[in-house]
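In: Sequence below, structure please.
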Amino acid sequence: MRILIFFIATLFWLQSIDAQAYQGLKKTIEQSYGIEVEFDNIQFNGDLKGEVTAKPHTLSKILREGSLKALEIDLSKYSKNLIRKFVKKIYIVDHLKIREKKIAGTFDNSSGSIYVIRGYLGGMTPYATVFHHELSSLLLYTHFREGFYQQWLSLNPPGFVYFIKQNSGINPLDGDTDIDGHEKFYKQGFVFGYGTVSFQEDFNTFFELMIGDPVRLAKLEVKYPTIRKKAELLRQFYYGIVLQKVQPITHERKSYSFDRDCIPYANC
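Out: The predicted structure follows:
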């Protein structure tokens, strides 16, 4: 009986230690970056409401602490001021679906929220650039410029139109949105097939490599001239506009609809 009581007491003590470590790290991240991190109360606003569903992160405190450490790795690639400016809340979840299709992450511009599946944080999986992909959408919505948009489009193949249902069949890459890289996409100036879905996803896929896997992007730039030109244009956007204190021009972006069409386990 004493052994059983000792075992139960030890178990509760260990759980208490785990809970303290988790809460301490969560508080440190939130205070350092001026954000909220949420595991349980998953809320969707704006365009996401009614479109996206999520399963909360229900694992133990020690596993939640691991997710927070992975998030720290992603956050550390940015200045704290940039995160404070663009991100308000980060939801870490177990599963995400948009219109019943599984996705790895998404964002809500109206509330400055990012939603990411826990396994795609911190550079530990082949698709662990999801946080950067979603953050780049928040940057793009705030700092969208017509000139930048037209320069980017001019680097696409002649006659190319991003794959949307209304324009199906216009270009040879239609419908072939493999989320991995492939020679046929590299030659056309796309780092992932998913970049052919829309301008936003093209931008997102470049950004996620620039921040999350710069070695891979550098190798592609050496071999493929169009990828190099897009990467250079992206760096001008990021270092010349976002990181400099340029007044955002928000009225231009209102006439553009950034497509949220997603494929399974892709980023949106």
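
In: any idea how far the residue nearest to Leu121 when sequence neighbours are not counted is from Asp108?
Out: Closest residue to Leu121 apart from its sequence neighbours, by CB to CB, 6 or more residues apart in numbering: Ala70 at 3.8 Å. Heads up, the C-betas are built off the backbone N, CA and C, glycines and all. Separation of Ala70 from Asp108 (CB to CB, to the nearest Å): 21 Å.

In: Ok, Val130 next?
Out: 15 Å.

In: Those two - which one has more neighbours?
Out: Val130 (28 against 23; other CB atoms under 10 Å).

In: Can you list the residue ranges for helices in the chain?
Out: 2-33, 61-75, 80-86, 130-143, 146-154, 183-188, 199-212, 214-223, 225-237 (DSSP state H).

In: got the domain boundaries for this structure?
Out: 1-122, 129-253 (automatic domain parsing).

In: Let's have those in a markdown table, adding mean pLDDT.
Out: A markdown table is the format used below for those (pLDDT from 0 to 100):
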| stretch | mean pLDDT |
| --- | --- |
| domain 1-122 | 81 |
| domain 129-253 | 81 |
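
In: Return the residues in contact with Ile211.
Out: The contact partners of Ile211, by CB atoms under 8 Å, 6 or more residues apart in numbering, come to 77-78, 129, 132, 136.

In: redo that, cut-off 6 Å
Out: With contact set as CB atoms under 6 Å, 6 or more residues apart in numbering, Ile211 has these partners: 77, 132.

In: That one and Phe44, how far apart?
Out: For Ile211 relative to Phe44 (CB to CB), the value is 25 Å.

In: can you check Leu121 too?
Out: Noted for Leu121: a distance of 20 Å to Phe44, by CB to CB.

In: So for the two, which sits in the more crowded spot?
Out: For Leu121 versus Phe44, the count of surrounding residues by other CB under 10 Å is larger for Leu121: 25 against 18.

In: Would you check that that one makes contact with Lys69?
Out: No: contact criterion CB atoms under 6 Å: Leu121 and Lys69 do not qualify, at 8.8 Å.

In: Overlap of the contact sets of those two?
Out: Counting by CB under 6 Å, 6+ apart, nothing touches both Leu121 and Lys69.

In: ok, now which ones touch Ile42?
Out: Residues in contact with Ile42 (CB under 6 Å, 6+ apart) are 54, 56, 91.

In: In strands, which of these fall?
Out: In strands, defined here by DSSP state E, the members of the contacts of Ile42 are 54, 56, 91.

In: For Ser76, what are phi and psi?
Out: Dihedral pair for Ser76: phi -70, psi -10, per degrees, to the nearest 10.

In: what separates it from Ser113, distance-wise?
Out: Ser76 is 20 Å from Ser113, by CB to CB.

In: Those two - which one has more neighbours?
Out: Ser113 (25 against 12).

In: surely the more buried one meets Lys89?
Out: Yes: the criterion here is CB under 6 Å, and Ser113 meets it with Lys89 at 4.6 Å.

In: which residues are in contact with both of these two?
Out: Joint contacts of Ser113 and Lys89 (CB under 6 Å, 6+ apart) do not exist.

In: about what we covered before: which of the contacts of Ile42 count as buried?
Out: 54, 91 (16 or more other CB atoms under 10 Å).

In: any idea which of the contacts of Ile42 is closest to Lys97?
Out: The shortest approach to Lys97 among the contacts of Ile42 belongs to Ala54, at 7.6 Å (CB to CB).

In: Provide a list of residues in contact with the closest one.
Out: Contacts for Ala54 (CB under 6 Å, 6+ apart) come out as 42, 93, 96.
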